[in-house]
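Peer 1: pasting the sequence and the predicted coordinates here, then a few questions.
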Amino acid sequence: FFARLAPDKNGFQPRRMQWTCSEDLRTWSKPIDFGRESEIVWDLKVRQLEDGSHVAYKVSYIGNHYAHDAVCTVLFEKSTDCLKWEPAGKTSEVYMGGVC
């Protein structure tokens, strides 16, 4: 996973998250967009369930938290394929507001 960013006088503007994969760490697949436009993933964890299957959890945010009057939306979501994400709880949004 990596972030596509655009330069900005105050840092950067988030464009989109992408992922790529490799079987030999030499040849990589073409990057694939995922998530919402301007979403930045902060952390991603994969956990094995009791039945042996795996689920990925991601914490991300939407919004430019570097701006003076920033309003961000923090998301907590899960996926079994890292392509289709759904809320980890009742809704994906766990916080919306300013940043200190």
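Peer 2: Now that the structure is in, tell me what you want to look at.

Peer 1: and the residue nearest the centre of the chain?
Peer 2: Closest to where the C-alpha atoms of the chain average out (CA atoms, centre = their mean) is residue 41, at 2.7 Å.

Peer 1: give the contact list for the nearest residue to that residue once chain neighbours are set aside.
Peer 2: Of all residues not flanking residue 41 in the chain, residue 60 sits nearest, at 4.5 Å (CB to CB, 6 or more residues apart in numbering). C-betas here are computed from N, CA, C, even on glycine. Applying CB atoms under 8 Å, 6 or more residues apart in numbering, we find residue 60 in contact with 17, 35, 39, 40, 41, 42, 74, 75, 77.

Peer 1: do that again at 7 Å, thanks
Peer 2: Neighbour list for residue 60: 35, 39, 40, 41, 42, 75 [criterion: CB atoms under 7 Å, 6 or more residues apart in numbering].

Peer 1: pLDDT wise, what is residue 99 at?
Peer 2: Residue 99 is assigned 72 on the pLDDT scale.

Peer 1: among the contacts of residue 60, which are located in strands?
Peer 2: 39, 40, 41, 42, 75 (DSSP state E).

Peer 1: and residue 79, how many residues sit next to it?
Peer 2: 18 (other CB atoms under 10 Å).

Peer 1: that older thread, in ChimeraX, how would I select the buried members of the contacts of residue 60?
Peer 2: Here is the ChimeraX command that picks out the buried ones among the contacts of residue 60, judged by 16 or more other CB atoms under 10 Å:
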select :35,39,40,41,75
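
Peer 1: between the contacts of residue 60, which sits nearest residue 69?
Peer 2: residue 40 (18.4 Å; CB to CB).

Peer 1: the closest residue to that closest one other than its chain neighbours sits in which helix or strand?
Peer 2: Nearest in space to residue 40, with sequence neighbours left out and distances taken as CB to CB, 6+ apart, is residue 14 at 4.9 Å. Residue 14 belongs to strand 11-19 when assigned by DSSP states H and E.

Peer 1: thinking again about what came up before, widest-spaced pair of the contacts of residue 60?
Peer 2: 35 and 42 (11.7 Å).

Peer 1: nice, that's everything, thank you.
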